[in-house]
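Enquirer: Sharing a model that was predicted from the sequence below.
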Amino acid sequence: MKTVRLTMGQALLRFLDNQYVEFDGVVNKFVKGVFTIFGHGIVVGFGEALEQYQGDMVIYQGKNEQGMAHAATGFAKQKNRREIIACSSSIGPGALNMVTAAGTATVNRIPLLLLPGDTFACRQPDPVLQQLENPASLSITANDAFKPVSRYWDRVSRPEQLMTAMLNAMRVLTDPAETGAVTICLPQDVEGEAYDYPVEFFAKRIHYIERRLPSRGEIERAAAKLTRKKKPIIICGGGVVYSEAGNELIQFAEKFNIPICETQAGKGAVPWNHRLNLGGVGVTGGLAANKLAAEADLIIAVGTRLSDFTTSSKWLFQNQEAELLAINVNSFDAYKMNAATVIADAKVTFQALGAQLEKTGYKSGYAGEAAAAKAEWDKEVDRLFCLEAEGLSQTRALGEIAKRIGDDAVVVGASGSLPGDLQRLWRPVKPKTYHMEYGFSCMGYEVNAALGVKMAEPSREVYSMVGDGSFQMLHSELVTSIQEGHKINILLFDNCGFGCIENLQNSQGIPSFCTQTKFRDAATGRLTGPDVPVDYAALAKGYGAKGYTARTAAELAEALENAKKDTVSTIIDIKVLPKTMTGGYEAWWRVGVPEVSENLAVVKAHAELVQEIAKTRKF
């Protein structure tokens, strides 16, 4: 067997450089680059390999390990999980900064390869700088924290272990049903140790992403269930996007007259103005989708995790005859809520199920209900987009943005009140223009993932929709966007606090507490003084970006037009009125309201909670 002598770090990079995926006959290079922040435990070993590398993968300098990993996640999500950027870090705190990003990727089923440096495998210089010692087991390091948030975890304690570790890493990263964060820990001494690796380990390797076909039995059972139902609805999840099944979903829905509702991950697969698209469903859904979901006798859940926001904490489907049919490549997700299952790819399932139903002449029992509900909802969205107030409301700001950024622009979001407003109000007409991370709803994703989206879609304008609270938490890769010349636009909605959580707090009878960004009041000792003013436009200019401030719709319109002409990243500091986000539309969300309190409003809220729990499905 022919071999080549390389350090483990050099072998790792050479292996990554030769990984490809094939989907529907199209081959893509899988690993497009590496984000890194050099530090103790990575700069000398794997870092030497990166410095010597001469191929076409791009090496990026991150600014915060969590931020760069969010950027990598945004890139992979925008690329429909067929291209990734790996992330390497130092040991200890540098590695641990990526744990939150790992959880975000895993929850959202996005491939993310993390390569954290680790302590010495030989344990001779022990403890080393930044080593976390566990007296119960010296084999435990800080990197063990990645285990619960990774779909695959390994530690390469000998250079030859790299081969099985990376083959398993690629197995998980390229599997639509299993993908998520993959963590391969790199002990710093092993990174520099040499081994005679078989040359074939570095040969071009194509990983085939196959469409899983439904069995005849699955299709027959699904069709039989559907033909017994008069008012089915389809919930379009992220699996529809990754399967590129939007057109097949539309054809299926039109043929059998079945309304479509959207999750955050599925939004955009079907144009908002399609006659059967009722928009977002669930806690952050709109009136049209939630009305018909409450009455539906069959919920066809396609490529969705059926989170509590989609199902309104299992409360939304109020029809006593309602059943679930789940179409999903992931059996874990498909079996939720006692659903009948088709464990298969969405695109081929729509085709096969449609052909089977055609034999029966099936049509749903809907007459004009979907059209009436959609017309009512469209009118409400128009009203919110044009809402007049003494100041700039959040929904009016979104209306101005929607008018001006263009149908090709990509909006990115994750947390706070904006995801709810966007799922209800945003009107995408083209695929891959709505990029929402709402599985983890991770504060800090918005700005950093926008960089990843721009790297994936360099010809499109990319807009990060972010609140002031989330922006303050993490916006490190704004600097990277400037450094790399990848222009992103940050639309920063400043309501001076954590407005979304304040709304939740108040809705359960609790007065505003620690959710507004205010100075401490000397008399009361509480954070109830004046608002803490922040000039985010000035902050942008300090970074080398362009900064604008908007307090009115006219100022926002002017800033948006100017930002489109700019060639560097921009921040538009939008000073919105607090509590001007959208409310709920016939949905409910279960939260942990105290059973006992001196606050009578909280006691009342708990009594209402008990009443609503009685209406929920139990599994």
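Expert: That came in fine, so what should we check first?
Enquirer: Helix, strand, or coil at G279?
Expert: Secondary structure state of G279, per DSSP: H, G, I helix; E, B strand; the rest coil, is strand.
Enquirer: What values do phi and psi take at the nearest residue to it once chain neighbours are set aside?
Expert: Closest residue to G279 apart from its sequence neighbours, by CB to CB, 6 or more residues apart in numbering: G286 at 4.5 Å. All C-beta atoms are positioned from the backbone trio N, CA, C, and that covers glycine. Phi and psi for G286, reported as degrees, to the nearest 10, are phi -100, psi 180.
Enquirer: quick one: Q472 and N97, what's the gap?
Expert: From Q472 across to N97, the span is 17 Å (CB to CB, to the nearest Å).
Enquirer: Map the structural domains onto the sequence of the chain.
Expert: Following automatic domain parsing, the chain resolves into domains at 3-208, 216-373, 386-496+532-575.
Enquirer: Grab the most central residue of the protein for me.
Expert: Closest to where the C-alpha atoms of the chain average out (CA atoms, centre = their mean) is E437, at 2.2 Å.
Enquirer: okay, Q472 and N97: which has more neighbours?
Expert: Neighbour totals were compared for Q472 and N97, and N97 leads with 22 against 15 (other CB atoms under 10 Å).
Enquirer: Now do the contacts for the closest residue to the more buried one other than its chain neighbours.
Expert: The shortest distance from N97 to any non-neighbouring residue, by CB to CB, 6+ apart, is to E65 (3.6 Å). Neighbour list for E65: I37, C87, S89, G94, A95, N97, M98, A101 [criterion: CB atoms under 8 Å, 6 or more residues apart in numbering].
Enquirer: sorry, back to before: setting aside sequence neighbours, what's the nearest residue to the residue nearest to the centre of the chain?
Expert: Of all residues not flanking E437 in the chain, A414 sits nearest, at 4.3 Å (CB to CB, 6+ apart).
Enquirer: what's the answer for E461, then?
Expert: Distances taken as CB to CB, 6+ apart put A409 closest to E461, at 4.4 Å, once the chain neighbours are dropped.
Enquirer: do N168 as well
Expert: Nearest residue to N168, sequence neighbours excluded (CB to CB, 6+ apart): Y152, at 5.9 Å.
Enquirer: right, and that neighbour touches T179 too?
Expert: No - Y152 is beyond contact range of T179, at 9.6 Å (criterion: CB atoms under 8 Å).
Enquirer: So for the two, which sits in the more crowded spot?
Expert: Set Y152 next to T179 and count neighbours by other CB under 10 Å: T179 wins out with 26 against 20.
Enquirer: contacting residues for the more buried one?
Expert: For T179, the contacting residues are R81, R109, I110, P111, R151, V172, L173, by CB under 8 Å, 6+ apart.
Enquirer: Ramachandran coordinates for the second one?
Expert: In this entry, R109 is assigned phi and psi values of phi 60, psi 50 (degrees, to the nearest 10).
Enquirer: What score does it have for pLDDT?
Expert: R109 carries a pLDDT value of 98.
Enquirer: rewinding a little: who are the contact partners of the residue nearest to the centre of the chain?
Expert: T73, G74, K77, T104, N108, G413, A414, Y445, A449.
Enquirer: how close does it get to H475?
Expert: In terms of CB to CB, E437 sits 15 Å off from H475.
Enquirer: State the three-state secondary structure for A136.
Expert: The assignment at A136 comes out as coil when based on three-state DSSP.
Enquirer: for the chain, what are the low-confidence residue spans?
Expert: Scanning the chain with the threshold set as pLDDT under 70 gives no residue ranges.
Enquirer: State which helix of it is the longest.
Expert: Identified as the longest helix of the chain according to DSSP state H is helix 369-385.
Enquirer: which stretches of the stretch 51-200 of the chain form strands?
Expert: 58-61, 84-89, 112-118, 152-155, 181-187, 194-198 (DSSP state E, counting those that start in this stretch).
Enquirer: Right, I'll leave it there.
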